[in-house]
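Engineer: Quick one: sequence plus predicted model below, questions after.
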Amino acid sequence: MEDKRLLFHVCCGPCSIALFEELKTAYTEVVAYFYNPNIHPEAEYIKRRDVVKQLCEKAGVPFIEGPYNKEHWFALTDAYKANNEGGARCKICFDMRLEEAMRYADEQKFDIVATSITSGRNKRADVINPLGNVWAETYGLTFLEADWKKGGRQEKGIQLAKEEDIYRQEYCGCIYSKLVREKKIKEKQ
């Protein structure tokens, strides 16, 4: 076990449920940081936040909620609202959340930062990890590069989410991905 403090940026319950125990066995302290102003509407944000909070309590992982500054997120991504998931808007969103996680980790004297974002089936580690490394270098921290989908973790997360009967969202999180999903559902009807 490394004698290091790890700040774990979490995006949702299904993406983090399989990772808490693994991280707790590797680091002396693991703290979950929920910073996701991209999640809309606010009722969805609250639902996802509360699930993560419950999972943290069960796992014995301290939970910290970052600011829900959705205006900042909209200002950064408005010009990219027509982009498909996985495009420029997503990269901006990842970058914003990783920067905030690094800023908070630096302020609170953490050694390492990780993010559960790469657990998402459509979230590319080859896009996310370089962003984490840039911000870690900026703040003098270490970023734990990972593709949390690998090594059976994604399947384990899905299984645990079903067993625990936790809320599994139906879209990435932002209002634009929600609208695309709703449009696809209507087209199928």
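Structural biologist: Done, it's in.

Engineer: what packs against the longest helix along the chain?
Structural biologist: Longest helix in the chain by number of residues (criterion: DSSP state H): helix 88-107. Applying 3 or more Cβ pairs under 8 Å, 6 or more residues apart in numbering; DSSP states H and E, one finds that helix 88-107 contacts strand 2-9, strand 27-34, helix 70-77, strand 112-115, helix 125-139. (Glycine included, C-beta is placed from N, CA and C.)

Engineer: how far out from the middle of the chain is that helix?
Structural biologist: How far helix 88-107 lies from its chain's middle: 10 Å, per Cα atoms, centre = their mean, to the nearest Å.

Engineer: Mind pulling the model confidence for Ala101?
Structural biologist: Model confidence at Ala101, given as pLDDT, is 98.

Engineer: Pretty sure it sits against Thr115.
Structural biologist: Yes. With contact defined as Cβ atoms under 8 Å, Ala101 reaches Thr115; the gap is 6.7 Å.

Engineer: so what sits against both of those two?
Structural biologist: Common neighbours of Ala101 and Thr115, using Cβ atoms under 8 Å, 6 or more residues apart in numbering, are His9.

Engineer: what comes up buried for the longest helix of the chain?
Structural biologist: Along helix 88-107, these residues count as buried under the neighbour rule (16 or more other Cβ atoms under 10 Å): 89-106.

Engineer: got it, and stretch 174-189?
Structural biologist: Using 16+ other Cβ under 10 Å as the test for burial, stretch 174-189 gives Cys174, Ile175, Tyr176, Ser177, Lys178.

Engineer: Kindly report the same for stretch 122-136.
Structural biologist: In stretch 122-136, counting by 16+ other Cβ under 10 Å, buried: Lys123, Arg124, Ala125, Ile128, Asn129, Leu131, Gly132, Trp135, Ala136.

Engineer: Export those to JSON lines and append columns for distance to His72.
Structural biologist: Formatted as JSON lines, the buried residues of stretch 122-136 follow (distance: Cβ to Cβ, whole Å):
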{"residue": "Lys123", "distance to His72": "21"}
{"residue": "Arg124", "distance to His72": "24"}
{"residue": "Ala125", "distance to His72": "25"}
{"residue": "Ile128", "distance to His72": "19"}
{"residue": "Asn129", "distance to His72": "23"}
{"residue": "Leu131", "distance to His72": "17"}
{"residue": "Gly132", "distance to His72": "19"}
{"residue": "Trp135", "distance to His72": "16"}
{"residue": "Ala136", "distance to His72": "21"}
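
Engineer: and these as JSON lines, adding pLDDT?
Structural biologist: Below are those laid out as JSON lines (pLDDT from 0 to 100):
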{"residue": "Lys123", "pLDDT": "91"}
{"residue": "Arg124", "pLDDT": "94"}
{"residue": "Ala125", "pLDDT": "96"}
{"residue": "Ile128", "pLDDT": "97"}
{"residue": "Asn129", "pLDDT": "98"}
{"residue": "Leu131", "pLDDT": "98"}
{"residue": "Gly132", "pLDDT": "98"}
{"residue": "Trp135", "pLDDT": "98"}
{"residue": "Ala136", "pLDDT": "98"}
